[in-house]
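In: Here is the input, now give the coordinates:
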Amino acid sequence: MRPLHLALALPWIFLFVEGSRAYRASGAAFCGLGMAASLWVAWNHSELGDQYGFLEGDVQTGIAIVLLLVVLEAARRAISWPLPTVALLALIYGLFGQHIPGEFGHSGTPLASFLGTLTIAEGGIWGSLAGVSVSVVAIFVIFGAVLNAGEAGQGFMNIASAAAGRLKGGAAKVSVISSALFGSISGSASANVASTGAITLPAMTRLGYPKRLAAAVEAVASSGGQIMPPLMGAGAFVMVELTGVPYTAIMAAALLPAFLYFFAVWIGINGYASRYELAGLAREDRPDLRAVIITSAFFAIPFAVLMWGMFAARYTPQYAACLAILVGFAMLFFHADGVLDIRRDPLPDGKRGDHGGPAGVDDCGDHPVRLDHHRRAVDHRPGGEDHLADPVGLGRHAVAVAALDGACLPGARNGGADDGGLRDLCVGSRSGADQAGA
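Out: Take a look at the predicted model:
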């Protein structure tokens with residue numbers, strides 16, 4: 001399964017990307033070679049298992065080298081140079097460390113054994129981390145994607161706005177609650193900032209909150225999403241594999257720290273809001289009770305199924321997530337007003353983004369930004385036009401904007417005419433880290 005998992009992942013890294021013709025052509029070559037090598041390992045896994053991590057012949061050696069090069073290049077394209085560089089240095093040390101004098105050297109390893117351990121044995125590429133990705137991470141990522149394709153994100157924002165919008169410093173507190181809720185299905189700080197920050201950052205600046213505060217609140221609150229069950233950061237899944245503790249136990253252990261984390265952020269915001277008299281959201285910017293109840297069901301019901309499956313029915317986390325995915329998919333046939341339409345395409349063409357994603361999601365790198373449901377609640381301007389407040393100024397103050405890491409709002413990458421001022425947020429997200437100390 002692990003070689004097949006890699007073979008299915010490679011196209012998303014090498015093929016479904018933007019870039020020059022040469023970049024895409026090289027990606028296609030790497031993808032073809034990597035998929036062929038991975039499928040060869042999967043097809044011959046029984047015979048390779050009898051070799052105990054020792055390569056036989058030039059063909060196997062060539063396949064091993066191809067796999068290592070493809071994985072390093074895939075990592076470089078996905079997450080840039082730092083981690084692949086560390087891995088490359090480790091490989092060089094393993095190959096040539098015998099030439100290093102003193103205690104830092106080693107006795108040397110035969111090339112066939114060294115490459116075989118990395119590529120045909122259950123270590124190296126096919127090690128425990130790959131196993132975690134296959135058995136646990138993939139299914140929960142799909143679960144989060146199904147919820148995000150529907151009205152779950154709108155439900156998060158509605159609950160947060162209804163619960164905290166009227167309070168002192170309400171816009172910042174909405175950011176805390178929405179980040180906690182969205183983090184429960186994303187497990188990613190940058191995706192959290194890109195989704196909830198696209199709404200809460202302009203709302204806070206429009207209400208006169210200091211830009212440093214707005215950026216800090218969104219960055220800190222979104223970072224907590226990595227420890228918010230049920231879908232946490234990759235570290236939680238690695239803990240499952242390395243410690244042997246069930247994922248349900250990891251989730252239960254994370255509940256109290258996650259609560260305390262967001263509670264501490266809430267207390268900090270409350271103190272700052274009391275000192276500087278920060279206003280809450282206006283009544284017309286808060287959703288009514290009916291909208292809150294209906295949209296919250298889009299994530300509450302799948303979550304309830306997931307929790308029931310893991311804790312009441314005692315199913316494995318993977319099986320419980322599959323049940324929750326089925327329920328979440330069925331709810332895609334409901335409109336935002338709660339009306340069932342069985343003839344409705346869950347993602348009809350008219351509801352897709354420019355790159356085929358769900359409505360209001362624009363493909364701007366790794367982190368889509370949902371806007372369609374939230375624009376009207378953020379900023380009303382005379383003349384009937386609804387816009388997000390211009391967040392360009394956040395760039396020089398914001399760790400949060402830097403965390404967007406290339407996520408941009410509709411029109412930013414495609415040259416559309418959605419909101420002219422919003423294109424600059426994509427640039428600000430790149431430059432925010434450099435300007436944060438200004």
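In: ok now the lengthiest helix in the chain, how far from the chain's centre?
Out: The helix that spans the most residues within the chain, counting by DSSP state H, is helix 247-276. Distance, stretch centre to chain centre, for helix 247-276: 21 Å (CA atoms, centre = their mean, to the nearest Å).
In: now swap in stretch 80-88 and tell me
Out: Distance, centroid of stretch 80-88 to centroid of chain: 21 Å (CA atoms, centre = their mean).
In: Ok, stretch 283-298 next?
Out: Centre to centre, stretch against its chain (CA atoms, centre = their mean), the figure for stretch 283-298 is 25 Å.
In: Next: stretch 267-284.
Out: 29 Å.
In: List the buried residues of it.
Out: Neighbour counts over stretch 267-284 (16 or more other CB atoms under 10 Å) mark 268-270, 272-273, 278, 280-281 as buried. Every residue, glycine included, has its C-beta placed from N, CA and C.
In: of those, closest to A320?
Out: I269 (34.3 Å; CB to CB).
In: before we move on, the earlier item: take the buried residues of stretch 267-284 and write them to a markdown table, including distance to I301 and pLDDT.
Out: Formatted as a markdown table, the buried residues of stretch 267-284 follow (distance: CB to CB, whole Å; pLDDT from 0 to 100):
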| residue | distance to I301 | pLDDT |
| --- | --- | --- |
| G268 | 33 | 93 |
| I269 | 30 | 91 |
| N270 | 32 | 91 |
| Y272 | 36 | 90 |
| A273 | 34 | 89 |
| L278 | 35 | 86 |
| G280 | 29 | 84 |
| L281 | 27 | 83 |
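In: In a markdown table, list the residues you listed along with distance to I79.
Out: Putting the buried residues of stretch 267-284 into a markdown table (distance: CB to CB, whole Å) gives the following:
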| residue | distance to I79 |
| --- | --- |
| G268 | 31 |
| I269 | 32 |
| N270 | 37 |
| Y272 | 34 |
| A273 | 37 |
| L278 | 37 |
| G280 | 39 |
| L281 | 37 |
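In: Can you tell me which of these lies closest to L91?
Out: Closest to L91, out of all of the buried residues of stretch 267-284 and judged by CB to CB, is G268, at 44.7 Å.
In: quick one: contacts for the closest one?
Out: Listed by CB atoms under 8 Å, 6 or more residues apart in numbering, G268 has no contact partners.
In: Would you quantify the distance from it to Y276?
Out: The span separating G268 from Y276 equals 13 Å under the rule CB to CB, to the nearest Å.
In: Count the neighbours of R314 for me.
Out: The local packing of R314 (other CB atoms under 10 Å) involves 9 other residues.
In: doesn't it fall inside a helix?
Out: No - counting by DSSP: H, G, I helix; E, B strand; the rest coil, R314 falls outside a helix, being coil.
In: picking up where we left off before, and the next helix or strand past the longest helix of the chain?
Out: Moving toward the C-terminus from helix 247-276, the next helix or strand (DSSP states H and E) is helix 289-307.
In: Can I get that next one in CSV, CA atoms only?
Out: C-alpha atoms of helix 289-307 as CSV (Å, rounded to 0.1, in the frame of the first residue of the first chain):
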residue,chain,number,x,y,z
LEU,A,289,-30.4,32.3,14.9
ARG,A,290,-31.9,30.4,12.0
ALA,A,291,-28.8,30.7,9.9
VAL,A,292,-26.6,29.7,12.8
ILE,A,293,-28.6,26.5,13.5
ILE,A,294,-28.8,25.4,9.9
THR,A,295,-25.2,26.0,8.9
SER,A,296,-23.8,24.6,12.1
ALA,A,297,-25.5,21.3,11.2
PHE,A,298,-23.2,20.9,8.2
PHE,A,299,-20.3,20.2,10.5
ALA,A,300,-22.0,19.2,13.8
ILE,A,301,-23.7,16.1,12.3
PRO,A,302,-20.5,14.7,10.6
PHE,A,303,-18.5,15.4,13.8
ALA,A,304,-21.2,13.7,15.9
VAL,A,305,-20.9,10.6,13.6
LEU,A,306,-17.1,10.6,13.9
MET,A,307,-17.2,10.9,17.7
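In: Show me what that helix packs onto, helices and strands only.
Out: helix 138-149, helix 152-164, helix 170-186, helix 317-331 (3 or more CB pairs under 8 Å, 6 or more residues apart in numbering; DSSP states H and E).
In: Confirm A64 sits in a helix?
Out: Yes - per three-state DSSP, A64 lies within a helix segment.
In: what's it in contact with, if anything?
Out: For A64, the contact set (CB under 8 Å, 6+ apart) comprises 55, 115-116, 118-120.
In: now swap in I13 and tell me
Out: Contacts of I13 (CB under 8 Å, 6+ apart): 27, 31, 74, 77-78.
In: Nearest the middle, which residue of this protein would you pick?
Out: S188 (4.2 Å; CA atoms, centre = their mean).
In: I'd guessed it sits against I227; true?
Out: No - between S188 and I227 there is no contact under CB atoms under 8 Å: 11.9 Å.
In: Between those two, which contacts overlap?
Out: In contact with both S188 and I227: G233, using CB under 8 Å, 6+ apart.
In: what about L8, how many residues close to it?
Out: What L8 shows, counting by other CB under 10 Å, is a neighbour count of 12.
In: can you pull the pLDDT of it?
Out: Turning to L8, the model gives it a pLDDT of 93.
In: tell me the angle of the helix or strand containing it relative to helix 138-149?
Out: Using DSSP H and E, L8 sits within helix 2-14. Helix 2-14 runs at 40 degrees relative to helix 138-149, counting by axes from the mean of the first three to the mean of the last three CA atoms, to 10 degrees.
In: circling back to that earlier point, where does the residue nearest to the centre of the chain sit relative to G27, distance-wise?
Out: Distance from S188 to G27, counting by CB to CB: 24 Å.
In: before we move on, what about M157?
Out: M157 is 36 Å from G27, by CB to CB.
In: got it, and H106?
Out: For H106, the distance to G27 - CB to CB - is 36 Å.
In: what do you get for A163?
Out: Counting by CB to CB, the gap from A163 to G27 is 45 Å.
In: Settle it for me: which of those two has more neighbours?
Out: G27 (21 against 16).
In: Out of the helices and strands in this structure, which is least certain?
Out: Taking mean pLDDT, DSSP states H and E as the measure, the helix or strand of the chain with the lowest value is helix 399-403, at a mean of 30.
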